[in-house]
Structures are given as structure tokens and as C-alpha cells.
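**Student:** Sequence isn't available, so here's the structure alone:
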């Protein structure tokens, strides 16, 4: 597996480029390197960022559950950029970062509720190829979530699959956003538990 990005970075220029860099600095404190890679096709970048912002505004699912599902998906797929970025975003949004840092080892950790565990189990099951979501898991989730929340959970996991898998294919790695704001490193599983 490659340890470097597989496409060259492009210079972010023009009026739109200035707006993108300003938005990135406001959100992340810096311009993510991945923007330079995505700059080769600004339409894809713009549409992906636009949809990502829409996903972020969805509000039927509890924000902590949404965060755990997103991080669990990214960790399961192996996207270090996505895990780091979403841990950083959980911090910036005032979510429970003590729990968020435990997501990569959620099966071993004792900090999660049964619902939180089912949400992360669902995220991983949905991320497998082929999908391993069972009727029983969906029924258990629907005991605590309404159908609208389950649909949002499903769509969030689907979006994270698309972005995480794309980042991995391009060789995009963590940019240490979480470390830059003083967050503890993400917990790591003590063994393969999938």
C-alpha cells in the first residue's frame, strides 16, 4: 500500500479558491492538504463539499450518535484522514470527545450505551462488502430511533463510505487536526475485533 498521495497537489487559485481557503481556515484552522488534490476538479470538490455541508446540517439523529457512526465507519474502512477530521469536528462542536476517542475500540470499551453500540455495529455492518446489516439489528435500532433517524444514520454512513474510500484510493492521510487542538490520540483496538 502506498504511503504517499497518488496525485499531485494543484495550486488553489482564483476567487473561488480564495473563498475555499477562507472557509477551510475558518472551519479547520488551516487549509487541508486534500483540497489541493481535489482542486484538479473543482466541480467534484464543490459538489462533494456542498453535499457534505448538507449532511452536516441533518438533525434527526442525535449529534453524538451521528459522530460515533461517522468515526466508526471511517475507522472500519481505514481512513485516517476521516477519523482525525471527525474527531476534531466532534471537539469543535462540543460533543463527547472522551467517547469519540474510544470509537475505534468500541467493542472493547465500557463507555458506550447499548444504543451507541448498536449504531456503531450498524455503521460497520453497512460498510462491509457485501453489507452485513441484519433484520434483527434494524429492529433493535428502531426500538430507540424513529424511521427518520435511522434513514439519516444510513445516509451518513453511506456518505462516509464514499468519502473515506475515495481518500484511501487517492492516498490521502490524516493531517493531525485533532493533535493540533490538543486532543488525546484516538484509542486503538488491542486486537482485531471485527
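**Tutor:** Looks like it arrived, so ask away. Everything numeric in this text was worked out from a predicted model, so none of it was measured.
**Student:** Next, the buried residues of the top helix by length along the chain.
**Tutor:** Ranked by number of residues, the top helix in the chain under DSSP state H is helix 147-170. Residues of helix 147-170 classed as buried by neighbour count (16 or more other C-beta atoms under 10 Å): 149-150, 152-154, 156-157, 159-161, 163-164, 166-168, 170. Heads up, the C-betas are built off the backbone N, CA and C, glycines and all.
**Student:** Please compute how far that helix lies from its chain's middle.
**Tutor:** 8 Å (C-alpha atoms, centre = their mean, to the nearest Å).
**Student:** quick one: the next helix or strand after that helix to chain centroid distance?
**Tutor:** Heading C-terminal from helix 147-170, the first helix or strand you meet, by DSSP states H and E, is helix 177-180. Relative to the centre of its chain, helix 177-180 is centred 15 Å away, using C-alpha atoms, centre = their mean.
**Student:** for the longest helix of the chain, packing partners?
**Tutor:** helix 42-57, helix 63-77, helix 80-92, helix 114-127, helix 135-141 (3 or more C-beta pairs under 8 Å, 6 or more residues apart in numbering; DSSP states H and E).
**Student:** Go again with 7 Å.
**Tutor:** When contacts are defined as 3 or more C-beta pairs under 7 Å, 6 or more residues apart in numbering; DSSP states H and E, helix 147-170 packs onto helix 63-77, helix 80-92, helix 114-127.
**Student:** ok, of those helices, where does mean pLDDT dip lowest?
**Tutor:** Comparing mean pLDDT across the helices and strands packed on helix 147-170, the weakest is helix 80-92, with a mean of 90.
**Student:** Measure how far the direction of that helix deviates from that of helix 42-57, in degrees.
**Tutor:** Here helix 80-92 points in a direction 40 degrees away from that of helix 42-57 (axes from the mean of the first three to the mean of the last three C-alpha atoms, to 10 degrees).
**Student:** What are the buried residues along helix 80-92?
**Tutor:** Neighbour counts over helix 80-92 (16+ other C-beta under 10 Å) mark 80-91 as buried.
**Student:** What is it packed up against?
**Tutor:** helix 63-77, helix 97-100, helix 147-170, helix 177-180.
**Student:** how about TSV for those helices, with distance to residue 115 added?
**Tutor:** TSV is the format used below for the helices and strands packed on helix 80-92 (distance: least, C-beta to C-beta, whole Å):
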stretch	distance to residue 115
helix 63-77	7
helix 97-100	12
helix 147-170	11
helix 177-180	25
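**Student:** Out of the buried residues of helix 80-92, flag the one nearest to residue 18.
**Tutor:** Closest approach to residue 18 among these (C-beta to C-beta): residue 85, at 22.0 Å.
**Student:** That closest one: what's it in contact with?
**Tutor:** residue 177 (C-beta atoms under 7 Å, 6 or more residues apart in numbering).
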